[in-house]
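Novice: Okay, here's the prediction I keep looking at, along with the sequence it came from:
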Amino acid sequence: MNSVRTPLALLLISLATIASVWRWLAIPIDLTSAPIDPNARLQCVSYAPFRGNQTSLAPATKVSREQIAEDLAELAKITDCIRTYANDLGLDQIPELAAKVGLKVMQGIWLDRNRQKNMTAISTGIRLAREYPKTITALVVGNEVLLRGEMTASELAATIRSIKAQVAVPLTYADAWDSWLRNRELYNAVDFVTIHVLPFWDDVPVRAKFAAAHADAIRRKLMAAFPGKEILIGEIGWPSEGRMRESALPSRTNQARVISDILALARRENFRVSLFEAYDESWKQQIEGTVGGYWGLFDSKQRALKYPPGVPISNFPLWKLQMASGMVLTILVFGAAWLALQRKPWQPRLASWLAVGISATAAGILFGLAAQKMFYESYGAGNWLLRGAFLLAATASPVLGANALLSGRPLLTFSELLGSKDYRTLSALGTVHGAVWIAITLIGTETALGLVFDPRDKDFPFAALSMAVVPFAALALSDRPRNGGRPLAESIFAGVLLVAAIYTGLNEGPANWQSLWTCTAYVLLAATLWRARAERACPC
């Protein structure tokens, strides 16, 4: 009877812990005003119509009238104005279609280092301003072209003056606020100053709760620098998914909070603001990482409003499904342990069942989070395949680990798993377990190196990595010390992971809990690899 009570008690504790954690994670935030308030329409919002595989980087892209018209009909319900960035690829249809639904347009003219392309964009912008004078309220000549270093300030000023002589609408240029301070000669060329204030991307990132105050301080600084001209905040927003930058955390609740705060501030202080942006743009993940694809008020696929009025805002709207799936996985972990014990009856130590309970609880809590991260952070076939393989290995790890713990199967070295025929005497489960161990080591190391050599756009795989590593660490600690030598392969991987963890932790800073959690998992993986010892073949 005692042999049943222990695992049953641990299972119940595990399930209760999972339920408690997920209920806490799903607590909605309470905002003073909704991000999208039906009684207070948005002043303006950035709009790009690209969906699915469409991208502004492909010259062959051609956005249809129907697609644009569908978007604008939705946007007309929440805003009076849209800001565009270009007029090619079918975007020159926007002013005509916007006029039909009563939307005003801040028409963008995209400029870069391609002078021939610039001439075409300028010509189209001038034509649109003349054809739709009641719809186009301003021309935005260039977007961050100085920040990208693709034009000089004098070239841009001359371009703006040339266009101003040919149109009747106001002209402006849009760039990051600090880029404006470095290029003050543009002051006399524009009718008003359009600044981008994205606290998440600042050199010193700002936490979401301070974003609105930070934006207002910048606006006042620019007012002092450019007296006599309106300062329009032409971009401000927050990402709902992606990796942290220092203390700046992308999340649904933080995005909603920043939008709500900045709109309330704009109403109080009576200044204009254009939110960034209308729709999530998944294609930007290819060039900016996960963060780049999730700044929208509407999601990219369903084109549905993320935060409908009157609906509680939670980081995990599907938390009940995530919690239930984690509980199912936890039951499978305990079931695998129980079945192993039935096949090979013995009286396991309490420590073995505790190790199973810890692995099962960690997996139950993290599975739903890891699955959500895979869904939002994957892009492209190769990336989906890699992240899918990692999640699969992480899900299998606690199940196979529980079986190994209760059947007495040790954690073998790579040479024992891949070496000569004398070593390869594993059972089918042992072979699968070994393959999972190798996959986790390889993929875990790949993610660690990515955070060292290309960290800006790389996400922190803390959820899947922890699910994967904890069961193997528990198995390694439960094994009796082996007397063989330390294998070279494991030693190399352990060293790489340890160095990567130290570098990443220092590079990302102590305020980034995603980084600290991930680095801890890397250290745990490194310690598990370092503990490995080569010994005689194991007749498992």
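Specialist: Everything's here; your move.
Novice: Which residue ranges of the protein form strands?
Specialist: Shown for the chain, the strands assigned by DSSP state E span residues 44-46, 81-83, 104-109, 136-143, 171-176, 193-196, 231-235, 274-275.
Novice: Dump these into TSV; add mean pLDDT as well.
Specialist: As requested, these are exported to TSV (pLDDT from 0 to 100):
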stretch	mean pLDDT
strand 44-46	98
strand 81-83	98
strand 104-109	98
strand 136-143	98
strand 171-176	98
strand 193-196	98
strand 231-235	98
strand 274-275	98
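Novice: Take those strands and lay them out in TSV including distance to Val523 and mean neighbour count.
Specialist: Yep, even glycine has a C-beta here, placed from its N, CA and C like the rest. Converted to TSV, these look like this (distance: least, C-beta to C-beta, whole Å; neighbours: other C-beta atoms under 10 Å):
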stretch	distance to Val523	mean neighbour count
strand 44-46	41	23
strand 81-83	46	25
strand 104-109	47	26
strand 136-143	43	25
strand 171-176	37	24
strand 193-196	38	24
strand 231-235	39	24
strand 274-275	41	26
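Novice: and of the ones you listed, who's closest to Tyr187?
Specialist: Among these, strand 193-196 comes nearest to Tyr187, with 7.5 Å by C-beta to C-beta.
Novice: Tell me the buried residues in stretch 363-383?
Specialist: Buried positions in stretch 363-383, judged by neighbour count with 16 or more other C-beta atoms under 10 Å: 363-374, 376-379.
Novice: tell me the mean pLDDT over it?
Specialist: Stretch 363-383 comes out with an average pLDDT of 95.
Novice: Now do the end-to-end distance for stretch 128-140.
Specialist: The first and last residues of stretch 128-140 sit 13 Å apart, counting by C-alpha to C-alpha, to the nearest Å.
Novice: still on that earlier bit, any chance of TSV for the strands of the chain, columns distance to Ala336?
Specialist: As requested, these are arranged in TSV below (distance: least, C-beta to C-beta, whole Å):
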stretch	distance to Ala336
strand 44-46	50
strand 81-83	54
strand 104-109	57
strand 136-143	55
strand 171-176	53
strand 193-196	52
strand 231-235	51
strand 274-275	49
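Novice: wait, which of those is closest to Ser33?
Specialist: Comparing the strands of the chain by their distance to Ser33 (C-beta to C-beta), the top pick is strand 274-275, with 14.3 Å.
Novice: Pull out the buried positions in stretch 257-266.
Specialist: Going by neighbour count (16+ other C-beta under 10 Å), the buried part of stretch 257-266 is Arg257, Val258, Ile259, Ser260, Asp261, Ile262, Leu263, Ala264, Leu265, Ala266.
Novice: and if you look at stretch 290-304?
Specialist: Within stretch 290-304, the residues scored as buried using 16+ other C-beta under 10 Å are Thr290, Val291, Gly292, Gly293, Tyr294, Trp295, Gly296, Leu297, Phe298, Ser300, Arg303.
Novice: Among the residues you listed, which ones are in helices?
Specialist: Judged by DSSP state H, helices contain none of the buried residues of stretch 290-304.
Novice: Could you give the bridge partners of Leu42?
Specialist: The bridge-partner assignment for Leu42, based on DSSP bridges, gives Thr79.
Novice: That one: neighbour count?
Specialist: Residues contacting Leu42 under the criterion other C-beta atoms under 10 Å number 22.
Novice: pretty sure it is touching Leu263, no?
Specialist: Yes: contact criterion C-beta atoms under 8 Å: Leu42 and Leu263 qualify, at 7.4 Å.
Novice: coming back round to it: of the buried residues of stretch 363-383, which pair is most distant in space?
Specialist: When the buried residues of stretch 363-383 are compared pair by pair using C-beta to C-beta, the two farthest from each other are Gly364 and Tyr379, 27.8 Å apart.
Novice: Could you pull up the contacting residues of the spatially closest residue to Val470 that is not a sequence neighbour?
Specialist: Take Val470 and drop its neighbours on the chain: the residue closest to it by C-beta to C-beta, 6 or more residues apart in numbering is Ala362, 4.9 Å away. When contacts are counted by C-beta atoms under 8 Å, 6 or more residues apart in numbering, Ala362 is found next to Pro398, Ser466, Met467, Val470.
Novice: From Ala463, how far off is Ala362?
Specialist: Here the criterion is C-beta to C-beta, to the nearest Å. By it, Ala362 lies 10 Å from Ala463.
Novice: follow-up on the earlier one: which of the buried residues of stretch 363-383 lies closest to Leu171?
Specialist: Within the set of those, Tyr379 lies nearest Leu171; the separation is 36.2 Å, counting by C-beta to C-beta.
Novice: The closest one reaches Ser282, doesn't it?
Specialist: Yes: distance between Tyr379 and Ser282: 6.6 Å, which falls inside the contact criterion (C-beta under 8 Å).
Novice: where do the contact lists of those two overlap?
Specialist: With C-beta under 8 Å, 6+ apart applied, the overlap between the contact sets of Tyr379 and Ser282 consists of Gly293.
Novice: circling back: can you list residues touching both of Leu42 and Leu263?
Specialist: When contacts are counted by C-beta under 8 Å, 6+ apart, Leu42 and Leu263 have Leu275 as shared neighbours.
Novice: ok, the residue nearest in space to the middle of the chain - contacts?
Specialist: With distances taken as C-alpha atoms, centre = their mean, the residue of the chain nearest its centroid is Gly242 (1.4 Å). When the contact criterion is C-beta under 8 Å, 6+ apart, the partners of Gly242 are Pro250, Gly289, Thr290, Val291, Gly292, Gly293, Tyr294, Tyr376, Glu377, Asp459.
Novice: Excluding covalently adjacent residues, which one is nearest to the fourth one?
Specialist: Ranked by C-beta to C-beta, 6+ apart and with sequence neighbours excluded, the top spatial neighbour of Val291 is Gly242, at 3.2 Å.
Novice: distance of the one you found from Ile29?
Specialist: Relative to Ile29, Gly242 is positioned 19 Å away (C-beta to C-beta).
Novice: again, but for Ile94
Specialist: Plainly put, Ile94 is 34 Å away from Ile29 if you go by C-beta to C-beta.
Novice: Looking only at neighbour counts, state which of those two leads.
Specialist: More neighbours surround Ile94 than the other of Ile94 and Ile29, with 30 against 15 (other C-beta under 10 Å).
Novice: From what I see, the more buried one and Ile68 are in contact.
Specialist: Yes: in terms of C-beta under 8 Å, Ile94 counts as a neighbour of Ile68; the distance is 6.0 Å.
Novice: what residues are up against the residue nearest to Ala337 when sequence neighbours are not counted?
Specialist: Closest residue to Ala337 in three dimensions, ignoring its sequence neighbours and counting by C-beta to C-beta, 6+ apart: Ala402, at 3.9 Å. Shown in contact with Ala402 (C-beta under 8 Å, 6+ apart): Val333, Phe334, Ala336, Ala337, Ala340, Val356, Ser359, Ala360, Pro471.
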